[in-house]
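Q: The following block contains a protein sequence and its predicted model.
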Amino acid sequence: MRHTLSVLVEDEAGVLTRIAGLFARRGFNIESLAVGPAEQVGVSRITMVVPGDDRVIEQLTKQLYKQVNVLKVQDVTETPAVERELMLLKVNASSAARSEILELVEIFRAKVVDVSEDSLIIEVVGDPGKMVAIVQVLQKFGIREIARTGKLALTRESRVNTEFLKSLEARVGP
């Protein structure tokens, strides 16, 4: 299972290296990583996606807390949260295919951020499933390059689990 960890750390040189080293020494892969300033000056938030069962994640959490600059570790996997990623896609876009690509961009609520004679750069923001889906539908045009951030996540103060609501809606129907 993949777990999403939100880690608050003191914003000091070498913190990310020490945390990545901790994972590497224990043979764990970090599948996704995003780092940036948090709400408090001098504190950064590291959001990472790590594979492992609950026991492994509990052990990693204990190891993270042993790091001097780690302030808080939270596994937000099962907590209602807003999760987003950003992806830039450079896609072949001949004049014949351009209108179809633009329709797909609109369907995915993405946007074109650069245009050239034979390509488009598309910005996509959303959950990881959306990223996979748009890549699949644009694949037929030829994807030249992809740049993708790691997952960002903040827990919902409302505690509303939108995945649960979607499942109810699917069962009830329109």
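A: Looks like it came in fine.

Q: From here on, just use CA atoms for contacts and neighbour counts.
A: OK.

Q: Tell me which stretches of this protein form strands.
A: For the chain, the strands defined by DSSP state E occupy 2-10, 32-37, 43-51, 70-75, 81-92, 111-115, 119-126, 143-148, 152-155.

Q: wait, which of the ones you listed is closest to residue 18?
A: Closest approach to residue 18 among the strands of the chain is made by strand 70-75 (10.4 Å; CA to CA).

Q: Report the mean per-residue pLDDT for that closest one.
A: Taken as a whole, strand 70-75 has an average pLDDT of 95.

Q: in it, what counts as buried?
A: Of the residues in strand 70-75, those buried by neighbour count under the rule 16 or more other CA atoms under 10 Å are 70-71, 73, 75.

Q: Also stretch 55-75?
A: For stretch 55-75, by 16+ other CA under 10 Å, it's 57, 60-61, 64, 69-71, 73, 75.

Q: Pipe the residues you listed into a markdown table and attach distance to residue 114 per row.
A: Conversion of those to a markdown table gives the following (distance: CA to CA, whole Å):
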| residue | distance to residue 114 |
| --- | --- |
| 57 | 41 |
| 60 | 41 |
| 61 | 41 |
| 64 | 41 |
| 69 | 40 |
| 70 | 39 |
| 71 | 40 |
| 73 | 38 |
| 75 | 37 |
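
Q: Most widely separated two among the residues you listed?
A: Set against one another by CA to CA, the buried residues of stretch 55-75 have their most distant pair in 57 and 69, with a gap of 19.1 Å.

Q: mind listing what's buried in stretch 140-153?
A: 141, 143, 150-153.

Q: so how far is residue 91 from residue 145?
A: 7 Å (CA to CA, to the nearest Å).
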